[in-house]
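Chemist: After the sequence you'll find the predicted model.
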Amino acid sequence: MRIHFIAIGGSAMHNLAIALHRNGHQITGSDDSIYEPSRSRLDKEGLLPQSLGWDATRIDASLDAIILGMHAKEDNPELLAAKALSINIYSYPEYLYEATKEKTRVVIGGSHGKTSITAMILHVLDYWDITTDFMVGAQLEGFDIMTQLTDDHDFVVLEGDEYLSSAIDRRPKFLLYKPNIALISGIAWDHVNVFPTEEDYIDQFRLFIDSIIAGGILIYNQDDEILEELVLKSQNQIRKIPYKTHTFTINGGQTALDSDEGPIPLQIFGNHNMSNLSGALLVCSQMGVEPVMFYEAIPSFTGAAKRLELFSDRPGKRIYRDFAHAPSKVQATTQAVREQFPNDLFLACLELHTFSSLDASFIQTYANCLAQSDIAVVFIDDEARKAKGKDPLDEQTIRSAFAHQSLYVFYENEALFNRLRQQPASIVLMMSSGHFGGLDLLRLVD
């Protein structure tokens, strides 16, 4: 097939493009901006567009399909040209469903933890040389690309995002997958630009539960009261399996699972990760992996990229980075670091980057999210804020929202860098779904 990707540079889009290219399809693509690592990966495969920008002449009747990324707008000239020629247009979740509808679809959803849970599952399967199809949004150690589609595998493991599918398909991505096995890690209001009320947001998860194929399985976090209420009210004829946070101990900065065979040392830590691990264990069991096999494999799991990832370990200073941006995840990640290192001077830095976090009404939900840190830093990249069309957030509004007695606020990355270099904190946690205005974190460890 000849397939053209509009907005090929996205994290999921470029992985899907490479996977289809390796499967023998003729792939082309376009975008108005492509960043690393997408740029290098596309270039290596010969799929990097020769020039940035949109060009309707790229679209002709010889194309079999268009895959449309969320980054592209409704008036995109290539999209309009494809519509005029009646070419089949898919969002990437639509395409993934079409490519996997004969398989057993395992979909991992939730406001937080879905990437880590998906990563754990794939790590355990890979440890035991169990091959499966998959799509996950973050880079994992041992995988060169994060999408695999074949004709050979019975299962496909999909990270299920609740954000919109594309500019012309306003359904959350996870509603398109129709899972046979689903997991929901928890619900915490996010994406206020799309779901303006908490009720709107929660309702998407009700729809997701209803989308599970009759006779299928839902694995869910019983510690989340909102989620448990949704599950108990659901009339969908599915099997419901709850889980709770796995018991663990911390001794001298080392987290270990409690087990019948004794403590199992881990390379990950935090209460939220022990909850994620419980969910991954149950999903793996539904895929034929016995618990004893899971426990053998999980100690070598180091985490997904930017998910409480140890970025630098130098004498007297450890730097972690995390994708956390929603209030519940920021709080969970910050608490995890404090519990792991209770006696260290701890600096937590958060970039407000998403539409929700830059909203003056939503920012109040960040109250006390950084309370476990000794020093708190909040950063806003003004250029990114302007690009999103959001009004400025003044320093007093931010201070009032976070209610931290030792809080610094920055709007320029050089000022942020200077503060981070000056602080003597031995543990630094950098949290963002963005890039801190292009700040090179390696400069912090020079």
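Modeler: Good, I have the coordinates.

Chemist: so what's the residue of the chain positioned farthest from its centre up against?
Modeler: Within the chain, the residue lying farthest from the chain centre (Cα atoms, centre = their mean) is residue 61, at 35.5 Å. Residue 61 sits next to 85, 87 when contact means Cβ atoms under 8 Å, 6 or more residues apart in numbering. All C-beta spots, glycine's among them, are computed from the backbone N, C-alpha and C.

Chemist: next SSE after the lowest-mean-pLDDT helix or strand in the chain?
Modeler: When each helix and strand of the chain is scored by mean pLDDT, DSSP states H and E, helix 382-387 comes last, with a mean of 86. Scanning forward in sequence from helix 382-387 by DSSP states H and E, the next helix or strand is helix 395-402.

Chemist: Show me what that following helix is packed against.
Modeler: Applying 3 or more Cβ pairs under 8 Å, 6 or more residues apart in numbering; DSSP states H and E, we find helix 395-402 packed against strand 375-379, strand 407-410.

Chemist: May I see these arranged in a markdown table, with distance to residue 51 as well?
Modeler: What follows is those, written out as a markdown table (distance: least, Cβ to Cβ, whole Å):
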| stretch | distance to residue 51 |
| --- | --- |
| strand 375-379 | 33 |
| strand 407-410 | 35 |
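
Chemist: tell me how far the ends of stretch 207-215 are from each other?
Modeler: Terminal residues of stretch 207-215 lie 16 Å apart, using Cα to Cα, to the nearest Å.

Chemist: Ok, stretch 282-295 next?
Modeler: Start-to-end span of stretch 282-295 (Cα to Cα) is 12 Å.

Chemist: tell me how far it is from the chain's mean position?
Modeler: 23 Å (Cα atoms, centre = their mean, to the nearest Å).

Chemist: How about stretch 68-77?
Modeler: 21 Å.

Chemist: before we move on, back to that, for the helices and strands packed on helix 395-402, give me JSON lines that also has mean pLDDT.
Modeler: JSON lines is the format used below for these (pLDDT from 0 to 100):
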{"stretch": "strand 375-379", "mean pLDDT": "97"}
{"stretch": "strand 407-410", "mean pLDDT": "96"}
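
Chemist: Adding distance to residue 349 and mean neighbour count, write those out as JSON lines.
Modeler: Putting the helices and strands packed on helix 395-402 into JSON lines (distance: least, Cβ to Cβ, whole Å; neighbours: other Cβ atoms under 10 Å) gives the following:
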{"stretch": "strand 375-379", "distance to residue 349": "4", "mean neighbour count": "24"}
{"stretch": "strand 407-410", "distance to residue 349": "9", "mean neighbour count": "20"}
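
Chemist: OK, contacts around residue 298?
Modeler: Residue 298 sits next to 120, 123, 124, 257, 264, 266, 277, 280 when contact means Cβ under 8 Å, 6+ apart.

Chemist: Would you map the helices across the chain?
Modeler: In the chain, the helices defined using DSSP state H lie at 11-22, 38-44, 77-84, 92-100, 114-127, 198-211, 225-233, 271-286, 291-297, 327-340, 382-387, 395-402, 413-422.

Chemist: rank these by pLDDT, which is bottom?
Modeler: Sorting the helices of the chain by mean pLDDT places helix 382-387 lowest, at a mean of 86.

Chemist: Using PDB, write out every CA atom in that helix.
Modeler: Taking Å, rounded to 0.1, in the frame of the first residue of the first chain, the C-alpha atoms of helix 382-387 are listed here in PDB:
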ATOM      1  CA  ASP A 382       6.300  32.100  27.500                       C
ATOM      2  CA  GLU A 383       6.800  31.200  23.800                       C
ATOM      3  CA  ALA A 384       5.100  27.800  24.300                       C
ATOM      4  CA  ARG A 385       2.300  29.500  26.300                       C
ATOM      5  CA  LYS A 386       1.700  32.000  23.500                       C
ATOM      6  CA  ALA A 387       1.600  29.300  20.900                       C
END
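
Chemist: Report the central residue of this protein.
Modeler: Geometric centre of the chain, nearest residue: residue 115, 4.8 Å, by Cα atoms, centre = their mean.

Chemist: Excluding chain neighbours, what is closest to that one?
Modeler: residue 138 (4.8 Å; Cβ to Cβ, 6 or more residues apart in numbering).

Chemist: Number of residues surrounding the closest residue to residue 134 other than its chain neighbours?
Modeler: Closest residue to residue 134 apart from its sequence neighbours, by Cβ to Cβ, 6+ apart: residue 157 at 4.5 Å. If you count neighbours by other Cβ atoms under 10 Å, residue 157 ends up with 24.

Chemist: Identify the residues contacting stretch 307-326?
Modeler: Residues outside stretch 307-326 that contact it (Cβ under 8 Å, 6+ apart): 111-112, 115-116, 119, 138, 188, 190, 268-270, 273, 303, 306, 329-330, 332-333, 336-337, 341, 350-354, 356-357, 425-433, 441, 444-445.

Chemist: my read: the residue nearest to the centre of the chain touches residue 135, true?
Modeler: No - checked against Cβ atoms under 8 Å, the pair residue 115 and residue 135 is beyond contact range at 11.1 Å.

Chemist: so who does residue 238 touch?
Modeler: By Cβ under 8 Å, 6+ apart, residue 238 lies in contact with 209, 212, 213, 214, 215, 216, 217, 218.

Chemist: mind running it again at 6 Å?
Modeler: 212, 216, 218 (Cβ atoms under 6 Å, 6 or more residues apart in numbering).

Chemist: isn't residue 116 right up against residue 274?
Modeler: No - checked against Cβ atoms under 6 Å, the pair residue 116 and residue 274 is beyond contact range at 11.0 Å.

Chemist: who has more neighbours, the two?
Modeler: Taking neighbours as other Cβ under 10 Å, residue 116 and residue 274 compare with residue 116 leading, 29 against 20.

Chemist: Quickly note the distance from the more buried one to residue 354.
Modeler: To residue 354, residue 116 is 19 Å away according to Cβ to Cβ, to the nearest Å.

Chemist: Wait, residue 30 touches residue 49, no?
Modeler: Yes - applying Cβ under 6 Å, one finds residue 30 in contact with residue 49, separated by 5.3 Å.

Chemist: circling back: what about the residue nearest to the centre of the chain, distance to residue 305?
Modeler: Applying Cβ to Cβ to residue 115 and residue 305 gives a distance of 9 Å.

Chemist: anything in contact with each of those two?
Modeler: Between them, residue 115 and residue 305 share the contacting residues residue 138, judged by Cβ under 6 Å, 6+ apart.
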